[in-house]
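A.B. asks: Next input, structure requested:
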Amino acid sequence: MNQEIPDTSSAASSGDACATDFDFIVCGAGTAGSVVAGRLAENPEVRVLLIEAGTDDEHPHILEPGNWPLNLGSERDWNFAGAPNPHVNNRQIPLNMGRALGGGSSVNVMLWARGHKNDWEDFAEESGNPAWNYESVLGIYRRVEDYVGTPDATRRGVGGPVHIAPARDAQPIANAMISAAGLLGVPTFDNPNGEMMEGRGGAALNDLIVKEGRRNSIYRAYVHPRRGQPNLTVLTNTLVSRLVFQGKRVIGVEAVRNGQSVRFGARSEVVLSLGAVNTPKVLMQSGVGPEEELGRHGIKVIQHLPGVGANHQDHVSFAVIFEYESPQPVGYGGSEATLYWSSQSALRLPDMFHCQVEFPVPSAENATLGVPAHGWTMFAGLAHPQSRGQITLSGAKVTDAPIIQANTLSHPADLRGALENIRFVQELGAQAPFKGLVKGERLPGKMDRISLENYARNAAVTYWHQSCTAKMGRDPMSVVDGQLRVYGLQGLRIADASIMPHVTSGNTMAPCVVIGERAVEEIRASHGI
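C.D. replies: Take a look at the predicted model:
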C-alpha cells in the first residue's frame, strides 16, 4: 500500500517548514516524470513523492492500443487549444495533452522515435555538456530499451524497462507506403531508430510500446512495478499550484487535493515534469519568469527568467487523404509506418516528418470538402518548423488557464514547407505499390497555389509534440543549464519536453525518457545517491 498523506491545509506560509517531507518531489507523472520518480525510488533510502493532476491509468481507452483516439477530449486530456491564429485562418487548433498516470505515453499513438543523431549533438552544443551528445544518449537508449526486433547491439538495447516492438502484422497499406518511398529514392530500413536516424532519413515500420497486446506506458515501465514500496508515494487527482521558496531555494510545493490546499516539503529537490504548457505556467505563477508577464498579474518576482514560456515549438502536419478500393482493416493504433527525409542532402536534420494513418483524418475545416468513407491518411509534417510561439498567463490563480500562442505557420518558410511536403505526399500516393489498394487521392486533390495555401492553413494540426518553453542552454533566453537546474535558483530542476532547445526529429516520447534518465544521472551525482 502507498502511504496516506495527511491533510496539510493548515501548513505554515511560504518559507516555513512544510508539514510533510520527502527527499524528492516529482511534479507530473508523464513520460519524463515517471522515469525520474521510478529511478529515484530504486534507492530504498530515498523518499519520493510523485504528484499527478490526472487519474489512474486503469482504463480500457488507455490500455487498449486501438482506443487511443477515444482519450482525446476526455477527462484524460488537458483539452488545451491554441489561441486564435491568423496564420491558420484564425483557427484555434486543439492541443491535446495527456492527463493521467503516464501522461502522453498513456494517450498517444505509442510510437517510439528516438530523434536524429544531430538533435542530440545540438543539445550537447547548446548546453555545453557532452553528456547530451549522441554517443552518450545512445548508451541511455541501450540501457532503457527491451527491444524485440532485429538485434543490433550497437544501437538497440535489450533487458531494459521499456518494451519496444515493431508494428506486428502490419497492414498492406503500411508496407505499400514503404515500398512507394523507395521508388522516390527514400531508403527503407528495418526500423525507424538507429541507423535510419544517423543520416538523411528513410522509411520504416514503426516501433511501438505495445506489450502482449496492451499499451505499456512509461509509467507502467518505471513506476507501476514499484507502487508497493514504502519509499514511493504516488498521488493522483492532485494539482500542483506553486513552488514553495526559502529565499532562492525551492523547499516544496503547494497543491490542490480534494478541494483543499496542501503542502509538501522536499529536503533535496523538486523536479518539474509538467510538460511544455504547465511547467512554464507553474513557474510563472510561482514568481519565476519574465518580469513584465509576472507584473501584469501582480505576481511577486522571485527570479527573472525571460525565457520561461518562450520558444514554444510543435510539429505541425497536413492531411493528404486517399480512398481505398475496398475497406481495409486498421492495425495497432492505426499508425504503422513513418517516413523522415531531408529534402536537400546538405541538411543536418530531416525537414520532412510524415506519418501514415490507416483511416481518414481531415481537420474539421477541411471535412466539408468531401472525405471518403474508407481511406487512409498521410500526414505531411514539418520535422523542424521555424515558427515560434509562447505560453502566457490569463491570471495568477491555479484555476486560470494558460494561454497558448502557438503561432503555427507564422514563419513564411513553414508555409512553403507545407506545400512542398503536401506535393511530395501526393507524388508518393500515386506510386505503383498502391495499385489495387487505393482508388486515388481525395484531399486536397488538384489545386492552384492560392487554393492549396488555404487548404494547408485549414489542414494544419498538431502532432502533439509541444516543447521548448523552458529551454536548456547558455544564452539569456535559457531557463535551465546542462544539468537541468533552473538558473538563479537552488533545489529545482526541470525534466520534460520543455527543456529541449529545439524539438527533436519525430515523436517526443522517447527523447523525454532520455531527459528523465539524464535528470536522474545529474541528481545522483549531485547528492551522492
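A.B. asks: Could you use CA atoms for every contact and neighbour count after this?
C.D. replies: Will do.
A.B. asks: next structured bit after the longest strand belonging to the chain?
C.D. replies: For the chain, the strand reaching the highest residue count under DSSP state E is reported as strand 260-272. Using DSSP states H and E, the helix or strand that follows strand 260-272 in sequence is helix 275-285.
A.B. asks: next SSE after that next one?
C.D. replies: Using DSSP H and E, the helix or strand that follows helix 275-285 towards the C-terminus is strand 288-289.
A.B. asks: still on that earlier bit, buried residues, the longest strand of the chain. List them.
C.D. replies: Using 16 or more other Cα atoms under 10 Å as the burial criterion, the residues of strand 260-272 that qualify are 261-272.
A.B. asks: Run through who's touching stretch 87-101.
C.D. replies: Contacts made with stretch 87-101 from outside it, assessed by Cα atoms under 8 Å, 6 or more residues apart in numbering, are listed as 29-30, 52-57, 72-73, 75-85, 103-108, 219, 236, 407-410, 457-458, 460-462, 464.
A.B. asks: and that stretch, average pLDDT?
C.D. replies: Throughout stretch 87-101, pLDDT has a mean value of 97.
A.B. asks: can you pull out the strands in the stretch 1-150 of the chain?
C.D. replies: When secondary structure is read from DSSP state E, counting those that start in this stretch, the stretch 1-150 of the chain shows strands at 21-27, 48-51, 80-81, 94-95, 145-147.
A.B. asks: Looking at these, which is nearest to residue 519?
C.D. replies: strand 21-27 (11.3 Å; Cα to Cα).
A.B. asks: Residue 398 touches residue 241, doesn't it?
C.D. replies: Yes - Residue 398 lies in contact with residue 241 (Cα atoms under 8 Å); the separation is 5.3 Å.
A.B. asks: what touches both of the two?
C.D. replies: Taking Cα under 8 Å, 6+ apart as the contact rule, residue 398 and residue 241 both touch residue 285.
A.B. asks: The two: which has the busier surroundings?
C.D. replies: For residue 398 versus residue 241, the count of surrounding residues by other Cα atoms under 10 Å is larger for residue 241: 22 against 16.
A.B. asks: How about the secondary structure of the more buried one?
C.D. replies: Classification of residue 241 by DSSP: H, G, I helix; E, B strand; the rest coil places it in strand.
A.B. asks: for the stretch 101-250 of the chain, which spans come out with low pLDDT?
C.D. replies: Along the stretch 101-250 of the chain, the model assigns pLDDT under 70 to no residue.
A.B. asks: Roughly how far does residue 369 sit from residue 444?
C.D. replies: The spacing between residue 369 and residue 444, counted by Cα to Cα, to the nearest Å, is 8 Å.
A.B. asks: likewise residue 452?
C.D. replies: 7 Å.
A.B. asks: quick one: which of those two has more around it?
C.D. replies: Between residue 452 and residue 444, counted using other Cα under 10 Å, the more crowded position is residue 444 (22 against 19).
A.B. asks: nearest spatial neighbour of that one, skipping sequence neighbours?
C.D. replies: The spatially closest residue to residue 444, leaving aside those adjacent along the chain, is residue 320, at 6.3 Å (Cα to Cα, 6 or more residues apart in numbering).
A.B. asks: Show me what the one you found bridges to in the sheet.
C.D. replies: Beta-bridge partners for residue 320, by DSSP bridges, are residue 378.
A.B. asks: rewinding a little: the longest strand of the chain pairs with which strands, parallel or anti?
C.D. replies: Strand 260-272 is paired, per DSSP bridges, with strand 21-27 (parallel), strand 249-257 (antiparallel), strand 492-494 (parallel).
A.B. asks: Quick one: closest of those to residue 142.
C.D. replies: Nearest to residue 142 among these is strand 492-494 (23.5 Å), distances taken as Cα to Cα.
A.B. asks: what angle sits between the helix or strand following the closest one and strand 260-272?
C.D. replies: The helix or strand immediately downstream of strand 492-494 is helix 509-527, counting by DSSP H and E. Helix 509-527 and strand 260-272 are oriented at 90 degrees to each other (axes from the mean of the first three to the mean of the last three Cα atoms, to 10 degrees).
A.B. asks: List the buried residues of stretch 152-161.
C.D. replies: Across stretch 152-161, burial judged by 16+ other Cα under 10 Å covers 156-158, 160-161.
A.B. asks: now that stretch, how far from the chain's geometric center?
C.D. replies: With Cα atoms, centre = their mean, to the nearest Å as the basis, the distance from the averaged C-alpha position of stretch 152-161 to the chain average is 22 Å.
A.B. asks: ok, and what's touching it?
C.D. replies: Stretch 152-161 is contacted by residues 138, 141-148, 194-195, 221-222 when judged by Cα under 8 Å, 6+ apart.
A.B. asks: out of these, what pair is the most spread apart?
C.D. replies: With distance counted by Cα to Cα, no two of those lie farther apart than 195 and 222, which are 26.8 Å apart.
A.B. asks: the more surrounded of these two?
C.D. replies: More neighbours surround residue 222 than the other of residue 195 and residue 222, with 24 against 18 (other Cα under 10 Å).
A.B. asks: so what's the more buried one closest to, chain neighbours aside?
C.D. replies: If the residues on either side of it in the chain are set aside, residue 222 comes closest to residue 38, at 4.9 Å by Cα to Cα, 6+ apart.
A.B. asks: Same question for residue 413.
C.D. replies: residue 386 (7.0 Å).
A.B. asks: First-to-last residue distance for stretch 328-339?
C.D. replies: Using Cα to Cα, the span of stretch 328-339 from its first residue to its last is 21 Å.
A.B. asks: in it, what counts as buried?
C.D. replies: Result for stretch 328-339 [16+ other Cα under 10 Å]: buried residues 328, 330-339.
A.B. asks: circling back to that earlier point, distance between the longest strand of the chain and the chain's centre?
C.D. replies: Worked out by Cα atoms, centre = their mean, strand 260-272 lies 24 Å from the chain centre.
A.B. asks: Now do it, average pLDDT.
C.D. replies: For strand 260-272, the per-residue pLDDT values average out at 97.
A.B. asks: Now do it against helix 275-285, angle only.
C.D. replies: Angle, strand 260-272 to helix 275-285, by the same axes, to 10 degrees: 120 degrees.
A.B. asks: switch to numbering from 23
C.D. replies: Got it, the first residue is 23 from now on, which makes the last one we talked about strand 282-294.
A.B. asks: before we move on, the earlier item: so who does the residue nearest to residue 466 touch?
C.D. replies: Counting by Cα under 8 Å, 6+ apart, residue 342 has contacts 399-402, 444, 447-448, 463-466.
A.B. asks: again, 6 Å this time
C.D. replies: The neighbours of residue 342, taking Cα atoms under 6 Å, 6 or more residues apart in numbering as the test, are 399-400, 465.
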